[in-house]
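Participant: missing the sequence, but the structure's below:
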């Protein structure tokens with residue numbers, strides 16, 4: 001007999017990262033935490049993936065080939081359909097060196113510990129991007 005309850009899908013995370021090793025590590029961490037993950041290797045691919053399914057969170061690198069994280073985020077923020085999708089940007093650069101301002105909901109430096117990363121992701125997804133805090 002089939003269970004008639006609707007199947008609840010885990011929140012989808014769009015991960016936009018050009019470093020293959022880091023991308024694979026992030027996918028493992030996110031899937032271990034119960035999230036579904038769609039990967040893109042640059043901002044252009046990220047925008048294409050975004051059109052296919054609306055994520056609960058976008059995690060993006062800043063420096064990438066073809067279309068960088070800033071350019072991708074600018075394009076996303078021009079589309080009101082994604083106003084409620086939080087964006088977490090990660091970079092080796094310091095946040096004050098990046099021109100992202102209020103375009104992203106949170107910034108973490110690459111190399112942030114897994115515990116803090118997971119807590120930030122969880123807070124952004126559960127809070128719907130209401131966090132304006134960033135790492136100093």
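Facilitator: Noted; the coordinates are in hand. Predicted model, so just to flag it, every value in this text is computed and none were measured.

Participant: by mean pLDDT, which helix or strand of the chain comes out lowest?
Facilitator: Scoring the helices and strands of the chain by mean pLDDT, DSSP states H and E places strand 106-109 at the bottom, with a mean of 88.

Participant: ok, it: who's next to it in the sheet?
Facilitator: Neighbouring strands of strand 106-109 in its sheet, by DSSP bridges, are strand 87-91 (parallel).

Participant: would you mark the buried spots in stretch 71-87?
Facilitator: Residues of stretch 71-87 classed as buried by neighbour count (16 or more other CB atoms under 10 Å): 72-73, 75-76, 82, 85-87. Backbone N, C-alpha and C define where each C-beta goes, glycine included.

Participant: actually, stretch 111-120.
Facilitator: Neighbour counts using 16+ other CB under 10 Å place 117, 120 of stretch 111-120 among the buried residues.

Participant: next secondary structure element downstream of the least confident helix or strand of the chain?
Facilitator: Once strand 106-109 ends, the next helix or strand along the chain (criterion: DSSP states H and E) is helix 114-127.

Participant: tell me the angle that next one makes with strand 87-91.
Facilitator: Calculated by axes from the mean of the first three to the mean of the last three CA atoms, to 10 degrees, helix 114-127 forms an angle of 160 degrees with strand 87-91.

Participant: quick one: contacts of helix 114-127?
Facilitator: Here helix 114-127 makes contact (CB atoms under 8 Å, 6 or more residues apart in numbering) with 11, 13, 29-30, 33, 35, 56-57, 59, 86, 88, 105-106, 108, 112, 131.
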